[in-house]
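S.K.: predicted structure and sequence below. I'll ask about it afterward.
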Amino acid sequence: MSRTRLIFSEAFGSLASSLSTTFAAALTVLIAMFLLGVLVAFGTYTLSYAASKKRQLVVTVYLQDAATQQQKNVLANRFERDPLVKSWRYVSKDAALRDMKKRFPELFKTALPANPLPASYVLTPRQGEDIDTLYNSLQPLPPGVSKVKDGKTISHRILRAAHLIDYIFIVGVTLLVLASTLLIANTIRLSIFSRRREIEVMKLVGATNWFVRGPFMLEGLMCGFVGAGLAGTLLILAKWLVLPRFFGHINGGPGVHAWPFEVNFVLLVAVGLTLGAAGSGLTLRRFLKV
């Protein structure tokens with residue numbers, strides 16, 4: 001207990017005696033964690049949007065007008081058992097015509113002599129990446145099928161965009177975390193450098209490396225906690241004041257959302273604490289070689 005009290009008293013004493021360095025470290029954490037929070041919020045929203053677009057990829061199996069009920073039943077049973085098919089639905093000729101009238105009413109200003117649209121099965125693949133495999137599994141065309149369409153050009157663009165978003169998000173978070181660690185380490189280095197004689201004396205009288213590290217890592221933890229907490233507060237204000245005004249019209253559709261703010265806030269605090277402690281611990285290594 002006496003050792004723990006000593007470590008805490010040393011840490012608080014150092015923070016109080018070097019307010020400018022403490023403020024700089026906390027400000028560095030604040031800026032880094034705020035940017036990370038914004039990146040996570042927009043990144044997870046974009047990932048959710050890309051995933052929703054992948055869920056909308058379908059393969060449409062158009063039936064011949066002369067297709068028999070037996071052929072339709074065979075196709076339905078095949079789709080029910082296919083592991084690549086997540087769900088499927090049958091669209092009759094009348095349903096296809098009603099949907100077309102709803103989407104393009106200007107095309108039906110004059111009555112049609114007959115219904116030109118075919119019946120179809122709409123297949124949703126289990127994963128967006130399975131769409132090509134599912135399409136190829138229907139070649140050659142089964143009996144009663146006139147055409148299979150998967151929107152190959154559009155689907156490939158959606159998949160490429162989704163994968164690109166994944167890579168950008170991962171690279172962006174990685175670079176920001178690395179940059180934050182270096183910035184925090186350089187800021188804390190000033191405090192440690194000013195106390196290098198004290199560290200040398202502690203080492204010469206027999207203090208262990210972890211005993212010397214304790215106060216500095218605790219300082220880093222406190223700076224990280226304060227900076228991450230302030231960053232979370234700024235994100236709350238941004239969510240309430242800025243987001244509705246500038247991005248209130250954005251609607252990606254049902255199921256499209258960013259991570260809950262609570263999860264983002266806990267992540268920021270955890271990363272801030274980790275970066276603060278890691279920045280102190282890594283910076284202190286060179287000064288422990290006495």
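M.R.: On my side now, so go ahead. These numbers come from a predicted model, not from an experiment.
S.K.: surely Pro140 forms part of a strand?
M.R.: No - using DSSP: H, G, I helix; E, B strand; the rest coil, the assignment for Pro140 is coil, not a strand.
S.K.: what does the pLDDT read for it?
M.R.: pLDDT recorded at Pro140 is 91.
S.K.: how about Leu190?
M.R.: Looking at Leu190, its pLDDT stands at 69.
S.K.: okay, now the domains of the chain?
M.R.: When the chain is parsed with automatic domain parsing, its domains come out as 2-53+158-288, 58-149.
S.K.: now do the same for Ser87: helix, strand or coil?
M.R.: With three-state DSSP as the basis, Ser87 sits in strand.
S.K.: excluding chain neighbours, what is closest to Phe225?
M.R.: Nearest residue to Phe225, sequence neighbours excluded (Cβ to Cβ, 6 or more residues apart in numbering): Leu273, at 5.8 Å. For the C-beta atoms, the positions are set from N, CA and C on the backbone; glycine is no exception.
S.K.: now for the longest helix along the chain, which elements pack on it?
M.R.: If you go by DSSP state H, the chain has its longest helix at helix 152-194. Here helix 152-194 touches helix 19-55, helix 131-137, helix 209-237, helix 261-284, going by 3 or more Cβ pairs under 8 Å, 6 or more residues apart in numbering; DSSP states H and E.
S.K.: on that earlier part again, who touches the residue nearest to Phe225 in this structure?
M.R.: Counting by Cβ atoms under 8 Å, 6 or more residues apart in numbering, Leu273 makes contact with Leu221, Gly224, Phe225, Ala228.
S.K.: give the burial count for the closest residue to Ala179 other than its chain neighbours, as a bare number.
M.R.: What sits nearest to Ala179 in space, not counting adjacent residues and going by Cβ to Cβ, 6+ apart, is Ala32, at 7.3 Å. Per other Cβ atoms under 10 Å, the neighbour tally for Ala32 reads 25.
S.K.: residues in contact with Ala32?
M.R.: Going by Cβ under 8 Å, 6+ apart, the list of residues near Ala32 reads Leu176, Ala179, Ser180, Leu183, Ile184, Gly227, Ala231, Leu275.
S.K.: and for the fourth one, the neighbour number?
M.R.: Right, Leu183. The local packing of Leu183 (other Cβ under 10 Å) involves 18 other residues.
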